[in-house]
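> Only the shape, not the letters, is given here:
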């Protein structure tokens, strides 16, 4: 996991894996991978210093009667300036989701533990933020959102019309013994499509991601999207006539790609009884980085090749071909050297692991941390200062009443109004500058007697009197 | 608590209590009351059927391999239609907060337990959604937001300039053995002002609440705001020369107003050693429902009267005097017959209970449940149906590529576009109607050969061909 604490590299990689329908035996692996993929975002988020507060180690002691001012370790407060940044980012997520005609949904941050440990391995369970509630129920602060989504799809049943395109922005949690500066929560934008078995679903999701990058000012030379399919591995196994029942086993071994050396993996593959020719074939195919090379090796009849060609042809038509590249290893290599901004893929068999009928499904999760770091690096964060319309300031205590009605009438007209009292005029001017007020409305005795107020436009330093009834 | 399950009454009451600075001994009570006030919102929220899902009792069994499709008991999913309603409501909260020039902040939903049990009584602790994390720390899903807010104010320290006006919209939790249909979470809009000791703070908060009601179409005949001050009780005690050290004790007894009969309270007051004259005086004052009557009884020199008169005079100036009424009992009667939409008041001494220097503070919490129920009753909920701009539909599989580029170019122009495939034209028309699409863009072979697409405007049933390059 050391890779995550290294400084962000120039080219941030983003992975989207169309892992098209797999044999049921491999599904557990696929689901686990799905969770891992989200966890990975988490890992990268954790190393970010952006938006991070309160993760300085400190005891929760109460001996001196002073409350701990930091939020629980690994969590963040959002003071106004951080909140403005978050709101801006979430607005970008929402706007892209609107362009893509996705509907927003939400789920409780607290879920039943069973939803997450059904098919997941020991590794995920260890990082679950799980506990027992007072009624003895095993619950978790969700580590990812997809299982809740699947749960709701099952619950809605026949009442929803497919395809279904949902997005959500929610907080996800993990529990980890804290090494300094890592976070236990992050926010994740999820887009998911249910009911589209073809690569059109992947193509649409990729479009959403690229639209977001474009809105943010990020270019295809800043970010790369690596695409692959698990069907590639299936095709290799077929090529060497390896029986289907070995597929799961091979998946499990190949999944260790980032953690083990190529030699170790070769050794493990050999130990399953595969011929050394087949093992070499698998290893060779996984290092392929171009679609034409893949076609050359597997032939063009193979489903994996056909799917990927279709996806890349769509990418041309949408206009985002320069953002994506083929990389056979991405469906397996979870420990890439570069920090992931987002990740996703297909999970056509998830619903059956929940005891329901399967519906083809595909989605991605996009974290709130690495992207902000990248935007900072590139100087792409917009001006986040506060902005209000008017400051209303009575120059005299007697004029506090009139100031109330002026503030009230301006607010009714849609203007954001700060009512300031008990300050010196000098402070008010400074304050107006600090919060980027457009105007200062001074309520003074001599003007008020004539039914007027004094208006100062702060950008032009223009100053004039206006009848209170004509103040807009 | 039976009152909460009764059907909503015609006139929903809303309580805002300016409990101005109290003697430190009474602060614990004041803070507790503050928490109660929020809990009360909770109680009322719990009896609401609006937006409620998944609270049907069901076991979390997994025997048949089917996952529990409902979220944890007492929590809600937000499918698209409920999410649209929530987003609309939150947008109203945000817009009013903007008009009032408040800044948005946020906090983790998970907080240290110490933040909530420091000064609170046993009663609140019982309803805390608390547990021990894997690191042995006592944490809670927050029951209210104010303590987090106070924590952040202390943490920011000298770096913030006062007054400080913050708002937040967040989920709050309580744990209660479930009686059917009650909820364990709700969302709450909070507005808080730090650094304004005068009733101007209360006047501004009331303005925000009234602005919200007005935006929602609710009138002052639908909703009432009851206002009082704890200083009233202090004044009565002074009137009868009751020593300061009895104030806390009297507060504790008077706090039982909603739970006990007047006779029982009288009896308890007598048992503290108060003269029967003083007891009668307290009881009489607490039943006063008009400010002029209060002035008559206490005199106009008394701080409570001066504060309240100032507040009501501001209300005139702002233009919301008809929304508020004086009710001496509101600062104590927590069990009012009518369901509270929101509640709040002053908490000038909260920071010192956290071991920090006090800053005058005032705020309210506004729940998401009772208000929606009221809007439903009044027929004030807006049309919440889905709405998109364009549906792009290729009439032929070969045209899926071109359809991609059309969808892409429309999205770049800011239009929300649904790309539909593998459906019959009849389904597409029905779908367009169901999701309120403005236009249908048909990509057909003969048109495409001429660089055209067919556009159908669904409101007018107009149909025409457009050059793809000119499609806006």
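Perfect, thanks for sending it. If you're wondering where the values come from, they're calculated on a predicted model, not measured in any experiment. Residues are numbered from 1 along each chain as shown, chains lettered A, B, ... in the order given.
> contacting residues for residue A:268?
Listed by CB atoms under 8 Å, 6 or more residues apart in numbering or on different chains, the contact partners of residue A:268 are A:253, A:256, A:260. All C-beta spots, glycine's among them, are computed from the backbone N, C-alpha and C.
> which element is it on?
Per DSSP states H and E: residue A:268 is located in helix A:262-271.
> Beyond that helix, next helix or strand please.
Assigned by DSSP H and E, the successor of helix A:262-271 is helix A:276-286.
> tell me the contacts of the residue of the stretch 201-350 of chain A at minimum distance from chain B?
Per CB to the nearest CB, the residue of the stretch 201-350 of chain A with the smallest distance to chain B is residue A:317, at 3.9 Å. Listed by CB under 8 Å, 6+ apart, the contact set of residue A:317 reads B:401, B:402, B:404, B:405, B:408.
> Residue B:351: which of these is nearest?
Distance to residue B:351, by CB to CB, is smallest for residue B:408 among these, at 54.2 Å.
> What separation is there between that closest one and residue A:162?
Counting by CB to CB, to the nearest Å, the gap from residue B:408 to residue A:162 is 23 Å.
> which of the two has more neighbours?
Applying other CB atoms under 10 Å in any protein chain shown to residue B:408 and residue A:162 shows that residue B:408 carries more neighbours, namely 21 against 12.
> Tell me which residues touch the closest residue to that one other than its chain neighbours, please.
Distances taken as CB to CB, 6 or more residues apart in numbering or on different chains place residue A:318 nearest to residue B:408, at 4.5 Å, with adjacent residues excluded. By CB under 8 Å, 6+ apart, the residues touching residue A:318 are A:203, A:206, A:207, A:210, B:404, B:405, B:407, B:408.
> Out of those residues, name the ones that lie in helices.
Among those, the ones falling in helices (DSSP state H) are A:203, A:206, A:207, A:210, B:404, B:405, B:407, B:408.
> got a list of what the nearest residue in space to residue A:100 that is not next to it in sequence touches?
Nearest non-adjacent residue to residue A:100, counting by CB to CB, 6+ apart: residue A:208, 4.9 Å away. Listed by CB under 8 Å, 6+ apart, the contact set of residue A:208 reads A:96, A:97, A:99, A:100, A:102, A:191.
> Please list all residues in contact with the second one.
Just to be clear, that refers to residue A:97. By CB under 8 Å, 6+ apart, the contact set of residue A:97 is A:104, A:167, A:189, A:191, A:208.
> out of these, who's nearest residue A:341?
Nearest to residue A:341 among those, counting by CB to CB, is residue A:189 at 10.8 Å.
> Reformat the contacts of residue A:317 as a markdown table; add distance to residue B:472 and pLDDT.
Formatted as a markdown table, the contacts of residue A:317 follow (distance: CB to CB, whole Å; pLDDT from 0 to 100):
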| residue | distance to residue B:472 | pLDDT |
| --- | --- | --- |
| B:401 | 22 | 96 |
| B:402 | 17 | 96 |
| B:404 | 18 | 97 |
| B:405 | 15 | 96 |
| B:408 | 14 | 98 |
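> quick one: which of the residues you listed is most hemmed in?
Neighbour tally across the contacts of residue A:317 (other CB under 10 Å): the maximum, 25 neighbours, falls on residue B:404.
> Pretty sure that residue sits against residue A:203.
Yes. With contact defined as CB atoms under 8 Å, residue B:404 reaches residue A:203; the gap is 6.9 Å.
> rewinding a little: mind checking which of the contacts of residue A:268 are buried?
For the contacts of residue A:268, a burial check counting by 16 or more other CB atoms under 10 Å in any protein chain shown picks out A:253, A:256.
> Could I get the contacts of residue A:268 in CSV, plus columns for distance to chain B, secondary structure and pLDDT?
Converted to CSV, these look like this (distance: CB to the nearest CB, whole Å; DSSP: H, G, I helix; E, B strand; the rest coil; pLDDT from 0 to 100):
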residue, distance to chain B, secondary structure, pLDDT
A:253, 28, helix, 86
A:256, 27, coil, 78
A:260, 29, coil, 81
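> on that earlier part again, between residue B:404 and residue A:203, what contacts are shared?
Each of A:314, A:318 lies in contact with both residue B:404 and residue A:203 under the rule CB under 8 Å, 6+ apart.
> ok, how many other residues are close to residue A:113?
For residue A:113, using other CB under 10 Å, the count is 18.
> dump the residue contacts of it.
Going by CB under 8 Å, 6+ apart, residue A:113 touches A:128, A:130, A:138, A:139, A:140.
> Buried only: go through those for me.
Buried, going by 16+ other CB under 10 Å: A:128, A:130, A:139, A:140, out of those.
> Is there contact, residue-wise, from whichever strand or helix holds the second one to chain B?
Right, the one you point to is residue A:130. Using DSSP H and E, residue A:130 maps to strand A:129-132. Yes. Interface with chain B: strand A:129-132 contributes A:129, A:131, A:132 (CB under 8 Å from any CB of the partner chain).
> helices and strands around that strand, which ones?
Strand A:129-132 sits against strand A:138-141, strand B:129-132, with contacts defined as 3 or more CB pairs under 8 Å, 6 or more residues apart in numbering or on different chains; DSSP states H and E.
> now with 6 Å?
strand A:138-141 (3 or more CB pairs under 6 Å, 6 or more residues apart in numbering or on different chains; DSSP states H and E).
> and the strand it packs on, average pLDDT?
Mean pLDDT, strand A:138-141: 94.
> Give me the contact list for that strand.
For strand A:138-141, the external contacting residues (CB atoms under 6 Å, 6 or more residues apart in numbering or on different chains) are A:109, A:110, A:111, A:113, A:116, A:128, A:129, A:130, A:132, A:133, A:173, B:72.
> Using a markdown table, lay out those residues together with distance to residue B:427.
A markdown table is the format used below for these (distance: CB to CB, whole Å):
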| residue | distance to residue B:427 |
| --- | --- |
| A:109 | 37 |
| A:110 | 38 |
| A:111 | 34 |
| A:113 | 40 |
| A:116 | 36 |
| A:128 | 42 |
| A:129 | 43 |
| A:130 | 43 |
| A:132 | 48 |
| A:133 | 45 |
| A:173 | 41 |
| B:72 | 37 |
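> what two of the residues you listed are the furthest from one another?
Taking CB to CB, no two of the contacts of strand A:138-141 sit farther apart than A:109 and A:132, at 17.0 Å.
> These two: who's more crowded?
Using other CB under 10 Å as the criterion, residue A:109 and residue A:132 rank with residue A:109 on top: 23 against 12.
> where's that one relative to residue B:77, distance?
Counting by CB to CB - residue A:109 and residue B:77 are separated by 12 Å.
> State the helix or strand in which the residue in the stretch 251-400 of chain A positioned nearest to chain B lies.
Of all residues in the stretch 251-400 of chain A, the one sitting closest to chain B is residue A:355 (3.3 Å; CB to the nearest CB). Per DSSP H and E, residue A:355 falls between elements, in no helix or strand.
> That one against residue B:66, yeah?
Yes. Applying CB atoms under 6 Å as the test, residue A:355 and residue B:66 come out as touching, 3.3 Å apart.
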